[in-house]
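Student: structure here, sequence nowhere to be found:
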């Protein structure tokens, strides 16, 4: 019988997580399980500090998302195993998570299989025989029943008791469908949450880029204004120098004319 195999890429949505950091997350969760049950926000902040102490800079939000993915994968694996009847699970994190979550999510797989098979231990392959017509005591001798089942032999509710396994099978099928619907709803919620986070990040990056472009344009305009102002000042200084030189030349010519006029008899 083949087991359920999980690939590493199915449970590692973040590049920060690898088998070493995932195992560290499971060990820290097992150590601080009481804190997880009391206050999840403080629990994830504490895990962030623990990861920093081990040399991994992973935010509390990514740790929360990784743990939720592990939890969903664990529930799905356990439900599929219970429905299909497979006894061997090859997912490397299942045993470690089962030791933590078996009391919260449900009983271990082996114990549930034992409970379900005990209901049919009284020869399930033999079809229910109708009440004998003859009063002979030999055919009416009931088969021995296990201690957990009540003694319903000879009671007026024989037909309802015989039909009880079928009812339980229907109840289990309905419960399995509800669990599958709940898992599908959880997967849809996580996908929608990831899509919303991606769209929000894209919108923030677009706004930041627009703001950066506006700042660059404003800075370029200021530089152009400063350049034009410096050019105007240089032109004005050049004009003033030309005017000064011209006035000096005119003044020298006037002085020469005056000296010539004074020398005339």
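Tutor: Looks like it arrived, so ask away. Predicted, not measured: the structure shown is a model, and the values here were computed from it.
Student: hang on, residue 17 in a strand?
Tutor: No. Remark: residue 17 does not belong to a strand; assigned using DSSP: H, G, I helix; E, B strand; the rest coil, it is coil.
Student: surely it is in contact with residue 69?
Tutor: No. Residue 17 lies out of contact with residue 69 (C-beta atoms under 8 Å); the separation is 9.2 Å. C-beta: built from backbone N, CA, C; applies to glycine.
Student: and those two? which has more neighbours close in?
Tutor: The neighbour count for residue 17 versus residue 69, taken as other C-beta atoms under 10 Å, is higher for residue 17 (22 against 18).
Student: pLDDT score for that one?
Tutor: For residue 17, the model assigns a pLDDT of 87.
Student: residue 32 versus that one, what's the distance?
Tutor: Distance of residue 17 to residue 32, computed by C-beta to C-beta, to the nearest Å: 18 Å.
Student: again, but for residue 56
Tutor: Residue 56 is 16 Å from residue 32, where distance means C-beta to C-beta.
Student: what comes up buried for the host helix or strand of residue 30?
Tutor: Using DSSP states H and E, residue 30 maps to helix 19-31. For helix 19-31, a neighbour-count test (16 or more other C-beta atoms under 10 Å) marks 21-22, 24-26, 28-29 as buried.
Student: mind listing what's buried in whichever helix or strand comes after that helix?
Tutor: Using DSSP H and E, the next helix or strand after helix 19-31 towards the C-terminus is helix 33-38. Residues of helix 33-38 classed as buried: residue 36 (neighbour count, 16+ other C-beta under 10 Å).
Student: just the mean pLDDT for helix 33-38, thanks.
Tutor: On average, helix 33-38 scores 90.
Student: same check, this time on stretch 60-80
Tutor: On average, stretch 60-80 scores 91.
Student: number the chain from 568, please
Tutor: With the count now opening at 568, the last piece we talked about shows up as stretch 627-647.
Student: what residues are up against residue 757?
Tutor: Contact analysis of residue 757 by C-beta atoms under 8 Å, 6 or more residues apart in numbering lists 635-636, 639.
Student: I should have written residue 627 there, sorry.
Tutor: So residue 627 contacts 611-612, 614-615 (C-beta under 8 Å, 6+ apart).
Student: again with residue 816
Tutor: Taking C-beta under 8 Å, 6+ apart as the definition, residue 816 has no contacts.
Student: over to residue 667?
Tutor: 593, 596-597, 600.
Student: got it, and residue 831?
Tutor: Taking C-beta under 8 Å, 6+ apart as the definition, residue 831 has no contacts.
Student: just to revisit the earlier point, give me the subset of the contacts of residue 757 lying in helices.
Tutor: 635-636, 639 (DSSP state H).
Student: reformat those residues as CSV; add distance to residue 757.
Tutor: CSV is the format used below for the ones in helices among the contacts of residue 757 (distance: C-beta to C-beta, whole Å):
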residue, distance to residue 757
635, 7
636, 8
639, 7
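Student: can you list the buried residues in stretch 796-805?
Tutor: Of the residues in stretch 796-805, none count as buried by neighbour count, 16+ other C-beta under 10 Å.
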